[in-house]
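Enquirer: Need a 3D model of the sequence below.
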Amino acid sequence: MALPTVISQVVTMIYSLADTFFIGQLGDPAMVAAVSLVSPWYNLLTALGNLFGLGGSSLISRMLGVKNHGDIKYVSAFSIWGGAAVTVCFFLVTWLARTPLLRFLGASPDTYGYAEGYLFWVAVLGGVPTMVSLSMGHLLRSEGHARQASTGMMFGGVLNVVLDPVLIFGLHLDVAGAAIATAFSNTASVVFFAVQYLRLGEHTAVSLHPRFFTFRFVRPIFSVGLASALATTLGNLSNMTMVHLAAAYGDIPVAAYGIVKRIDQFPLNVSMGLCQGFMPLVGYNYAARNYQRMRAISYFSWKIALLLSACFVVCFAVFAPQLLHLFIPEAETSALGAEFLRIACLAVPLTAVNFLISYTLQAMGKGIPSALLTFSRQGLLNIPLLILMDVTLGLYGMIWTQLVVEVIMLPVSLGIYRATFRHLPPQTVEQSSSS
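Expert: I've put the predicted structure just below:
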């Protein structure tokens, strides 16, 4: 379940990096800064995808655990069509308010035009395909079709990597070319997923037909999806705050931070792939009251995530200058980014563990504890600390903020996780012996 998902997350991260990489080859920090400014707002699509898609997939996995196949079509239809409708409204408002939004995000006279064009293509025109492709992937994975879900994400990622140089360099579209490639690739992923559902036919209980749309399952979907959506939203709000504060130091720090954030996200996407891989297993075994197997799955995932995170930290610390120079040959930006990366990567192992705990709680349907952890980590601590570290320690202080937050939150996350398991009802004799 996890391996195809991890691979798809890695490929997805590669095509997310592709925009920054190919634009960086133009050697203009203003173009890179423009993409960095818009990216946190565009990534709110992931929050909508998690709210509807991840919330729906968690509920479907638990329905399968208790053999309730009849209601799955209603859950999936709401996840797709409800999410698409909300996305349309969200990005219409985004486009109408683009000028104050981009000013708030830190756009300067040099970056505003690039940022506006990127926002239009990836968010306004490409918003619905991006959100729908994420949701469809989650729903496929909920029934155990991890290979098809991962292939769909990989298909869009590979297509984006191919289109980027053609549009950026071949047609000389620069930043707009990268945005068009992203929007088209996500649309192609939606088509791929639709074909997969048609091919599965009777082998899936998921339905995309709008006649099954209903509000009956809003509460159980949102109770889980809200926690993940909140995590993504607050994480992007933190990034927006960071970019806004960094903009006071000039376009070069914004460009450097934007590149570092993309690179630093790579190991976290691997952890997220593990999370999305084990969520259906955790949800199924939780609903079936096979808690021993559920706990074993969770612990094994932790060990793998920590091992991979440690490897990434070593690689980033050793090869930071080379990585930054690869993304942008401009000397000042790459040198500053290398220093940023060596600091930022220290938080990766702790972030991975906090992620895994939150996703485990979501898979069990424990949306409120997961949401509390997320709000405490990203809202209550991260944003105020960013402002405080900027005032007291300046630009480098903000880079250290994530590590400080993760150190504070780790014992809190572990405490909630242990308390949740202590309050589980007894496991049945048959389940205990079979596990």
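
Enquirer: quick one, helices of the stretch 251-400 of the chain?
Expert: For the stretch 251-400 of the chain, the helices defined by DSSP state H, counting those that start in this stretch occupy 251-287, 291-327, 331-344, 348-363, 367-374, 383-393, 395-422.

Enquirer: Tell me, how many residues neighbour C311?
Expert: C311: 13 surrounding residues under other Cβ atoms under 10 Å. Every residue, glycine included, has its C-beta placed from N, CA and C.

Enquirer: typo on my end, H138
Expert: 27.

Enquirer: Any figure for the gap between the closest residue to it other than its chain neighbours and K73?
Expert: Leaving aside its sequence neighbours, H138 sits nearest to G53 (Cβ to Cβ, 6 or more residues apart in numbering; 3.6 Å). For G53, the distance to K73 equals 15 Å [Cβ to Cβ, to the nearest Å].

Enquirer: picking that back up, quick one, what contacts the residue nearest to H138?
Expert: Counting by Cβ atoms under 8 Å, 6 or more residues apart in numbering, G53 touches 79, 83, 134-139, 225.

Enquirer: Among these, which ones are in helices?
Expert: Cross-referencing the contacts of G53 against helices under DSSP state H gives 79, 83, 134-139, 225.

Enquirer: Could you take those and lay them out as TSV, with extra columns for distance to G106?
Expert: Shown next, in TSV, are the ones in helices among the contacts of G53 (distance: Cβ to Cβ, whole Å):
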residue	distance to G106
S79	34
G83	29
L134	26
S135	30
M136	33
G137	32
H138	32
L139	36
G225	30
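
Enquirer: Just the buried subset of those residues, please.
Expert: Among the ones in helices among the contacts of G53, those classed as buried by 16 or more other Cβ atoms under 10 Å are 79, 83, 134-139, 225.

Enquirer: What is the neighbour count of the closest residue to S298 other than its chain neighbours?
Expert: Excluding the flanking residues, the one nearest S298 by Cβ to Cβ, 6+ apart is T360, at 5.1 Å. Look at T360: counted by other Cβ under 10 Å, it has 27 neighbours.

Enquirer: for R216, same thing?
Expert: Using other Cβ under 10 Å, R216 is surrounded by 12 other residues.

Enquirer: swap in V314?
Expert: Neighbour count for V314, taken as other Cβ under 10 Å: 11.

Enquirer: now the one 4 residues further on
Expert: Neighbouring residues of V318 were enumerated by other Cβ under 10 Å; the total is 11.

Enquirer: just to revisit the earlier point, for V405, state which of the buried ones among the ones in helices among the contacts of G53 is nearest.
Expert: Distance to V405, by Cβ to Cβ, is smallest for G225 among these, at 23.3 Å.

Enquirer: what helix or strand is the residue lying closest to the closest one once chain neighbours are set aside on?
Expert: Using Cβ to Cβ, 6+ apart and skipping the chain neighbours, the partner closest in space to G225 is G55 (2.2 Å). With elements taken from DSSP states H and E, the one containing G55 is helix 55-65.

Enquirer: which stretches of the protein have low pLDDT?
Expert: For the chain, the stretches flagged by pLDDT under 70 are 1-2, 4-5, 8-9, 11-16, 367, 426-435.

Enquirer: Can you tell me the centre-most residue of it?
Expert: T46 (5.5 Å; Cα atoms, centre = their mean).

Enquirer: Verify the stated contact: it with S135.
Expert: No - checked against Cβ atoms under 8 Å, the pair T46 and S135 is beyond contact range at 10.6 Å.
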